[in-house]
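S.K.: Provided below for reference: sequence and predicted model.
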Amino acid sequence: QVQLVESGGGMVQAGASVTLSCAASGLGISNYAMGWFRQPPGLEREFVAAISWTGGSMYYSPSVRGRSTISRDNERNTMSLQINYLNPADTAIYYCAAGRKNFYNDPRAFDRYGQGTQVTVSS
């Protein structure tokens, strides 16, 4: 059974940083592109960031580019996302996702999601 479990969310002040983690089981993430999506209150889920299966290439949405870092550890079957300079617009449920191996820069290639972790940014 494939499981993606997110952790690291919570309530933070604007301007702070958050590091989200994803632990995978039931699949070896080295065979997948990995990514993060988020769903703000009342809105649809949107792409945030992705990383190639080797970890050598990253792809960010304009909303977090320049203040975020995605990384992965294939040996530990984990992935993380750090977002700096948080603002209230970053408030959302953040989802870990796995996608087709060679399509890290195509959000449509991600079809496995975790349950999500809530990040709330207060002003």
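M.R.: It's in.
S.K.: quick check, central residue of this protein?
M.R.: When CA atoms, centre = their mean is applied to the chain, the residue found nearest the centroid is W36 (2.3 Å).
S.K.: roughly how far does that one sit from K101?
M.R.: Counting by CB to CB, to the nearest Å, the gap from W36 to K101 is 17 Å. Just so you know, the C-beta spots here come from the backbone N, C-alpha and C atoms, and that holds for glycine as well.
S.K.: any idea how far E6 is from S61?
M.R.: Plainly put, S61 is 18 Å away from E6 if you go by CB to CB.
S.K.: okay, those two: which has more neighbours?
M.R.: Neighbour count, other CB atoms under 10 Å: between S61 and E6, E6 has more, with 22 against 16.
S.K.: once you drop chain neighbours, what's closest to R45?
M.R.: Counting by CB to CB, 6 or more residues apart in numbering, R45 lies nearest to Q39, which is 4.3 Å off, once chain neighbours are set aside.
S.K.: who's in contact with that neighbour?
M.R.: R45, E46, A92, I93, Y95, G116 (CB atoms under 8 Å, 6 or more residues apart in numbering).
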